[in-house]
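Peer 1: what's the 3D shape of this:
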Amino acid sequence: MVWAVSFPQHIMRVLFFSILLLLSWSIQAQQKQCFEAIETVGCAPFTVRLTNCGESKNPIYIFDGEANDLSKAIQDTFFTYTEAGIYDIHQLVGTTTIETFTKTQYIRVVDNPTPAFETYSCEGRKVTVEITENYYDEYIIDFGDGSENVTIEGNSSHTHTYSDTLIKTITVRGNYEEVICDNSVSKEVLPITKLIAPTILFAKNNDNQTLETELFGVSYLSYASSIDSFSLDGSFTHITPIDSRECVYFSGYDVCGNQDISDSICAFSLESESINNEIKLTWDDYPQSKNLINYEVYRDGEKLAETNTTSFVDTEISCGTNYNYEIRTILTTGFYSISNSTSLQAISTDTPPQVTNLISTYQDNSILVSWDTLKTAETIRIHQQESILTTEDKSQFLDNNITNTISCYKISYTDICGNLSDTSSQTCPSLLTKSVTSEGIELIWNPYIGTENINYTLYWLDEEGSILKSNELSTETSFLDNEWIDSQEYFYQIAVDVNDQEFSYSNLVKHRQNSRVYFPTAFSPNNNGENDVFRPIGSFIQTYTITIYNQEGTLIYQGTDEGWDGKYKQKLAPIGVYVYFAEILDEENQKIQKQGTITIVP
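Peer 2: Below you'll find the predicted structure:
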C-alpha cells in the first residue's frame, strides 16, 4: 500500500525556507571554526603542529581527551604524543557560549621500538642477520661494507658474504609503509674464514664427580661439548658429570651447519695409601694413551717427580705430616689433565731416633738442659733421678727446682705417630763446692757427664761476670787456690768444653777475702819523701778515720782518709811515742777497728 499525502501550498513554502536557513547556518559555522595538521601520522614521540584556518581568533584545543573536558584545553597549537594510538582533536571557540569543532581519529601515533635482531658468523665469511620480531612493515639492513641495503620482513633472515675478515658494523632500521621512524640499531660482527673449536687449557677431576675443563673461546661462535651446548666470551669453566674414566670433547659450530671438533680430554682417578714411612700412589691409565707423553707427580702444589708408569712411592715424608697429591698428564695436544686430589697423613711404626747432643749447664739459680731440636716430637719427657717431667719446648728444659746435690738428666720423647724413643744417655753438670783450709781455698767438683775427652777451666769472676783470671786444669776435678787476687769478693766457676762450640758451666761459688790492714810502728815526718805520713796500709780499704793522742791524753790529730803528717797546731810534734785509734771501712762495708802506738823518729 502506498500512502499519498498532500500539503497546502503555504506550508510547503515555510518548510523550504527553513531548510535553506539551516544550510546557511551550517556553512557559516564551518567558516567560523577550522584547523589543519601539517602531519597526521608519526612515530612516538610525535609532535603535532596545527594551523587555524577558521575565522575565530585565539581558539583553544584539546589534543588528548574528551571535548567537554576543559581541564585538558590549551592555547598552544602544538602537542607531543608520547604513546602510540589514534587521537581526536577538538577546537573550542567562544567565551560565554563555547562552540566545538572536532576531527575524529585525526592523529595516528605509532611505536618506535629498537629493532631486535641477532647476527651469526659462519665459515666462509658468511654472516646471517635474523630479525626476531615482526613489529615493522619492513626492516632495512646495512651490512657496513658498502654493499646495497637489504630489505626483509620481520621474523626472517638474510645471509651476506663479506670479502674480508675485518670487523664490520651491521645496522638495522624498522620502517612503516606510511612513515619513517629514526630507530636504527647497530652491532659489530667479525666474519670468519674457518671455524675453530674452543681452546682447551686443562681439565681437573673433581673428586671423581665432575670434570672441570678450562676453555677459551669467542662470543661470536656457538660451542658444544659431547653432552651440551654453551656460549663463550673469553675464559670459561665447563663442568661435565663423569665416572672415573670419562672423556669429553668440544666443538665450535655455526648456524650454517659447519663445525670444528677438538681433541678429547679425559678424567682419570688417583688412589693413595699411607704405609710405614711411605705413601704409595696408583692411578688409572690415561684413556687417550695415544696422546700421552708422561705423568707428573705433584705434592702440595710442587712438582715432585715425572714417570711413565701409573704408580709412585714417596719416601721423602715425615711421620704425622699431611700431604696432598695429584697427577698431571703431559700430552701431545698441548693441554693437560689433572687427576682428583688425595690427602693423607704419613705414618710410621719405627722407634724414633734417640736424642742427641744433650747438654746440661747451670744458669743463674737453675739448670738448663738442651738438645738438638725434635721437630716430630709430640711429648718430651725429662728423666731426673726417679722423677719424670714433661715439657712442650722441643729443644730445652729449665729446671728451677735444684738443690745442692748433683743433678742428672735423661730425655725420651713420643713422636707424632705415638712411637716412644729410647731414653738418651745421661748428662750431669759439674757442681762446684769450696772449703777454706789453712793451706788455702780448696775447690772440688764432680766430673761433667755427657761427653768424652773433658777439659776443665777454672774462672775467677767479678760481680759483673767479667773474668778476673782463669786457669786451664785439663781433666782435674779439684784445685787448691792459695794465690792472692786483688778483689775482696769474687766468684769461682768451672767451664767444660763440650763439643768445641758449646760449653757447660758449673754453679757460681762466692768467696770473700778479709781486709788486710796494718799500721807502721814509727814514721819520720821530715819531708824527705819517705815515710812522711802515718796512715793504714793494706788492701780493700774504702775509708778510714785516725785519732792521735800524746801520752798525756791530749788530742793531737783527727782526720779521715788523709793520714797524719806529724804536726800539731801546724808545727811538727815532738819526737816520741803517741797513741792512735783507727776505724776502717772495707770494700764490703765491713768495719775494722785498730789501736796502738806510733813513734815519731828523726
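
Peer 1: switch to C-alpha atoms for all contacts and neighbour counts from now on
Peer 2: Fine.

Peer 1: quick one: the helices in the chain?
Peer 2: All helices of the chain, identified by DSSP state H, fall at 9-32.

Peer 1: shaky segments in the chain?
Peer 2: 1-31, 220, 243-245 (pLDDT under 70).

Peer 1: wait, Asp350 sits on Asn419?
Peer 2: Yes: using C-alpha atoms under 8 Å, Asp350 is in contact with Asn419, at 7.0 Å.

Peer 1: now for the residue nearest to Val533 when sequence neighbours are not counted: which residues touch it?
Peer 2: Counting by C-alpha to C-alpha, 6 or more residues apart in numbering, Val533 lies nearest to Asp565, which is 4.7 Å off, once chain neighbours are set aside. The contact partners of Asp565, taken as C-alpha atoms under 8 Å, 6 or more residues apart in numbering, are 525, 532-534.

Peer 1: how about Leu389: what's its closest non-neighbour residue?
Peer 2: According to C-alpha to C-alpha, 6+ apart, the nearest residue to Leu389 is Ile382 (4.8 Å).

Peer 1: geometric centre of this structure: which residue is closest?
Peer 2: The chain has Gly301 as the residue nearest its centroid, 17.9 Å off, counting by C-alpha atoms, centre = their mean.

Peer 1: hmm, back to that, let me know the closest of the contacts of Asp565 to Asn404.
Peer 2: Phe534 (47.8 Å; C-alpha to C-alpha).

Peer 1: in contact with that closest one, which residues?
Peer 2: Phe534 neighbours (C-alpha under 8 Å, 6+ apart): 519-520, 523, 563-566.

Peer 1: out of those, who's the most crowded?
Peer 2: Gly566 (23 neighbours; other C-alpha atoms under 10 Å).

Peer 1: contacting residues for it?
Peer 2: 525, 532-534, 572-573, 600.

Peer 1: coming back round to it: give me the beta-bridge partners of the residue nearest to Leu389?
Peer 2: Leu389, Ile411 (DSSP bridges).

Peer 1: quick check: it touching Lys410?
Peer 2: Yes: between Ile382 and Lys410 there is a contact under C-alpha under 8 Å: 6.0 Å.

Peer 1: ok, of the contacts of Asp565, which come out buried?
Peer 2: Neighbour-count burial (16 or more other C-alpha atoms under 10 Å) is assigned, among those, to 525, 532-534.

Peer 1: mind listing which of the contacts of Phe534 are in strands?
Peer 2: Applying DSSP state E to these, the entries found in strands are Phe523.

Peer 1: and which of the contacts of Phe534 is nearest to Phe46?
Peer 2: Once C-alpha to C-alpha is applied, the member of these that ends up nearest Phe46 is Gly563, at 128.0 Å.

Peer 1: okay, that closest one and Tyr544: tell me how far apart.
Peer 2: Distance of Gly563 to Tyr544, computed by C-alpha to C-alpha, to the nearest Å: 9 Å.

Peer 1: please enumerate the strands of the stretch 501-602 of the chain.
Peer 2: Counting by DSSP state E, counting those that start in this stretch, the stretch 501-602 of the chain has strands at residues 503-505, 509-512, 517-518, 522-523, 537-538, 541-549, 555-560, 567-568, 571-572, 576-586, 591-600.

Peer 1: paired strands for the fifth one, with orientation please.
Peer 2: Right, strand 537-538. Strand 537-538 is paired, per DSSP bridges, with strand 517-518 (antiparallel).

Peer 1: again with the first one
Peer 2: Sheet neighbours of strand 503-505, with direction, are listed as strand 489-497 (antiparallel) (DSSP bridges).

Peer 1: got the CA positions of stretch 556-567 in PDB?
Peer 2: Only the C-alpha atoms of stretch 556-567 are listed here, as PDB (Å, rounded to 0.1, in the frame of the first residue of the first chain):
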ATOM      1  CA  ILE A 556     146.900  15.800 118.700                       C
ATOM      2  CA  TYR A 557     145.100  14.900 115.400                       C
ATOM      3  CA  GLN A 558     141.900  13.600 114.000                       C
ATOM      4  CA  GLY A 559     141.200  13.100 110.300                       C
ATOM      5  CA  THR A 560     139.600  11.000 107.600                       C
ATOM      6  CA  ASP A 561     141.400   9.400 104.600                       C
ATOM      7  CA  GLU A 562     144.300  11.800 104.800                       C
ATOM      8  CA  GLY A 563     146.800  10.400 107.300                       C
ATOM      9  CA  TRP A 564     148.800  12.300 110.000                       C
ATOM     10  CA  ASP A 565     151.700  14.400 108.800                       C
ATOM     11  CA  GLY A 566     153.200  14.600 112.300                       C
ATOM     12  CA  LYS A 567     152.100  18.100 113.100                       C
END
